[in-house]
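>>> A structural model of the following input is requested.
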Amino acid sequence: MKTAVICGLSVLLLAIFSIQVDGFVVLLSVIPLAEQRDIALLFITFVLILAFLSHRIGRRQMHPWLAVLSLAVSGAIIAWGLQVLEFFLYTRRGGIQWTFNPFEDEFRRSVYFVFPALLAGGALSRLPWKVAISVLGGISVLGICWALSRIDKVDPPGFPPVAKTGRGYPNVVLVLMDDVGYSDLSSYGNPLVSTPNIDRIGREGVQFTTGYCTAPVCAPSRASLLTGRYSQRFGFEGLTDPFPFIFRYRNANFKDAPNGDHVEPQVSWWKQTPLSVRGLPFSETTIAELLKAQGYATALFGKWHGGVHPNFSPLKHGFDTFFGFKAAGSLYADRKDTAVVTRPPTDTRIDKITNQLYNYYLFDGDKMLLNAPRIYQTDLFTDKSLEFIEAHKDNRFFLFLSYGAAHAPIQAKKAHYDRLAHIQDPDQRAFYAMISAADEGLGKIWDKLEALGLEENTLVIFTSDNGGATYLEINTSGKLRGGKFSHFEGGLRVPFMIRWPGRVPEMMSDARPVSHLDILPTIAAATGADCSGLALDGINLLPVLGDTALLTHDVLYFRNRYSKAVRAGSLKLYINEKNAVSYLFDLSKDPSEQYDLSETLPAEKRRLEQKLATWEKGLMPPLWRQSTNFAIWGRDKYYFFGE
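Have a look, this model is predicted:
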């Protein structure tokens, strides 16, 4: 039994230190409790089998080191089998059908990870109990010190003395939806769903028809939105999630998916950049920090995605209040809730991963709620927002309502699902029911502002973090090409609306290019916040909206690893180095990006290439390694996207 315990502890310690202590702790908050239970039971089984093996091997007359080698080989084979069993249990629970090759990650982990740990454990077991435990304790202390040394120890930024807010300054409500594409709202031409409360922002304000995010994926897009700067300038170019550390994410073989979408891991899981580095750097100033300095109460309800590690808490980036989740997504409700319709998308392996990966885990500030309120997530964030508005009705406030909708997993309230009976596809019906729930929530926000007399002096901005997740095959980008995870227009162009009675024109449709980069400088101008010391890439839209002759952005840049684009005037250059392609489009004549003008306008193509190259010289290298290649359908073939 001694040998088994020492070997088991060696395997566990190597697992923790390979992922790093901080990352291991974060993973425990992400992996569903049911799966944690399975892993724990299988680990105990592994130790008991090791005890039996060591007993049987010990009874044989063989050289001690040959016995250690035999135990290591046998234990690695057993570990391999238990990993396959754990994967089988996981997929059976989720009802997922995956093509599974046990000779990939499971086998490699057993050979490169379990086998050496068992060799070390077997060698230690030759020592007396006290000596072996002392050695393991010393290794643990050294490992913890090493892991902690890799954590960025950055104190929360200091805030200037709170200034009294001027009477004319408005409250600010910033509503951000997730994976809602350009054509997913009724105001942008979607006939399948009605979104009157969202549409009201554009109807009573300005609706932009050429609004851009800065990246076709959540985390870097949000980083740019909150800072008014290209996130690539400060090395924020990929997702912050612990997905690369989670075996489930890496085990999935997407290459045989019926629609071809797949994920291709790029870096071995033990070489991943620590979670303590994967987040919004403190060198950057957020909207919340600016407004907090102006005396505003600041709150974020919903999705953060600026880093899952405690280093990157929203409370350290200017928010007084945070209630929501920190990673890419979360369950909207319990899968067994009869008032909720849960739809795994038809044949998309990417989303089948997320549908089973996400747990219902929420944070109140930095405290994780293991027993979070079992209220439909969208409604919960709406309720929290209403409470915040009520509490701060006599003061200025900044409300960042960051709905998780309509990011996977696809879960809709049955009441909204039933209202959309005209949509035949059940997955698509659930998707638009999720958007309906958010629209209903925004209607409650309108009612609260009106009841408190705050509606006229509240600046409301609405947008989505990136284009629609067309790989789900339940929504489209309309006439636009591509979607999320692509630098075609379908991945970059998003719904974008502003309303501020008396300060912003009403019923105005504006075709000039605008960007998420413009949100911070616009809010700063409206609230009197001083951002003159910030090297912003966005512009204040308020004077532009009052004069249609003024230009907005002549050039907009986009890059995520090897996939990139630049829009200059009406021309757009798309480059994908992994696919080895580059296209030139004239968006004024070809918004669907069908006709490549590279041969027709070679001089213009070279000009845009030079602009893009010059911009890239001013960027920081990415702060963390690329984890994955996504392959997404782009009308004619699959295009890679690295994060």
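>>> so which bits of stretch 520-529 are buried?
Buried residues in stretch 520-529, counted by 16 or more other Cβ atoms under 10 Å: 520-524, 526-527, 529. The way it works is simple: take the backbone N, C-alpha and C, and place the C-beta from them, glycine included.
>>> sec struct for A215, please.
In the three-state summary, A215 is assigned as coil, counting by DSSP: H, G, I helix; E, B strand; the rest coil.
>>> tell me the contacts of it?
A215 is in contact with 221, 224, 231, 237, 466, 558, 560, counting by Cβ atoms under 8 Å, 6 or more residues apart in numbering.
>>> may I ask which two of those residues are separated the most?
E237 and N466 (14.0 Å; Cβ to Cβ).
>>> and these two? which has more neighbours close in?
For E237 and N466, the more surrounded residue by other Cβ atoms under 10 Å is N466, and the numbers stand at 31 against 25.
>>> next up, the contacts around the more buried one.
For N466, the contacting residues are 179, 213, 215-218, 221, 484, 491-492, 494, by Cβ under 8 Å, 6+ apart.
>>> and it, how far from N457?
With distances taken as Cβ to Cβ, to the nearest Å, N466 is found 31 Å from N457.
>>> now do W65
Counting by Cβ to Cβ, the separation of W65 from N457 is 79 Å.
>>> any chance of the contacts of A215 in JSON lines, plus pLDDT?
Supplementary listing: these in JSON lines, determined by pLDDT from 0 to 100:
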{"residue": "S221", "pLDDT": "98"}
{"residue": "S224", "pLDDT": "98"}
{"residue": "S231", "pLDDT": "97"}
{"residue": "E237", "pLDDT": "93"}
{"residue": "N466", "pLDDT": "97"}
{"residue": "F558", "pLDDT": "98"}
{"residue": "N560", "pLDDT": "94"}
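>>> pick the one among those residues closest to G75.
Set against G75, the nearest of those by Cβ to Cβ is E237 (40.1 Å).
>>> tell me who's in contact with the nearest residue to that closest one once chain neighbours are set aside.
Setting aside the residues directly before and after it, E237 is nearest to P622 in space (Cβ to Cβ, 6 or more residues apart in numbering), at 4.3 Å. When contacts are counted by Cβ under 8 Å, 6+ apart, P622 touches 235-238, 561.
>>> in what helix or strand does P622 lie?
Secondary structure from DSSP states H and E places P622 outside every helix and strand.
>>> cool, and L174?
Using DSSP H and E, L174 maps to strand 171-177.
>>> for that strand, packing partners?
Taking 3 or more Cβ pairs under 8 Å, 6 or more residues apart in numbering; DSSP states H and E as contact, the helices and strands that strand 171-177 lies on are strand 397-402, helix 426-451, strand 458-464, helix 519-527.
>>> can I get the ones you listed in TSV with mean pLDDT and distance to I498?
TSV is the format used below for the helices and strands packed on strand 171-177 (pLDDT from 0 to 100; distance: least, Cβ to Cβ, whole Å):
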stretch	mean pLDDT	distance to I498
strand 397-402	98	15
helix 426-451	97	14
strand 458-464	98	5
helix 519-527	97	8
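>>> for those, which one sits closest to L185?
Short answer: helix 426-451, nearest of these by Cβ to Cβ, at 7.4 Å.
>>> from the chain's centroid, how far away is that closest one?
22 Å (Cα atoms, centre = their mean, to the nearest Å).
>>> by how many degrees do it and strand 171-177 diverge?
If you take axes from the mean of the first three to the mean of the last three Cα atoms, to 10 degrees, helix 426-451 sits at 180 degrees to strand 171-177.
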